[in-house]
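[1] Following is a predicted model, sequence given first.
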Amino acid sequence: MNKKVPMRQCVGCGDMKSKKEMMRILKTAEGAIVLDVTGKKNGRGAYLCKTEECLKKARKTKGIERSFKMSIPAEVYDNLEKEFAECEEE
């Protein structure tokens, strides 16, 4: 029996990909926005392709803000970009 692969839509480019291929951005109970590298933390998640391009698109189109139904300050995006770059280096 084939297991169904969980698909998620990128908030940047809108492509559907499997959960494993994507980065999860998390809104914690305190309302903080962080990168969830494990994909297992509790909270509301939004998914992005693992490219900086999609993060930039999501920033431009306010994809993450729509996903979490809240406005996101620029420094949060800057932090995400830093975390993103660190993940890409590994």
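    Looks like it came in fine.
[2] residues touching Cys10, list them.
    Shown here is Cys10, whose contacts under the criterion Cβ atoms under 8 Å, 6 or more residues apart in numbering are Met16, Lys17, Met22, Tyr47, Leu48, Cys49, Cys54, Ala58. For the C-beta atoms, the positions are set from N, CA and C on the backbone; glycine is no exception.
[3] go on, Glu53?
    By Cβ under 8 Å, 6+ apart, Glu53 lies in contact with Gly12, Cys13.
[4] Can you tell me the element it falls in?
    helix 52-61 (DSSP states H and E).
[5] Next, count neighbours for Glu52.
    Burial measure for Glu52: 14 neighbouring residues, criterion other Cβ atoms under 10 Å.
[6] okay, it: pLDDT?
    Residue-level confidence at Glu52 comes out at 86, pLDDT.
[7] Which residue is the nearest non-sequential neighbour of it?
    Leaving out its chain neighbours, the residue that sits closest to Glu52 by Cβ to Cβ, 6 or more residues apart in numbering is Phe84, at 6.1 Å.
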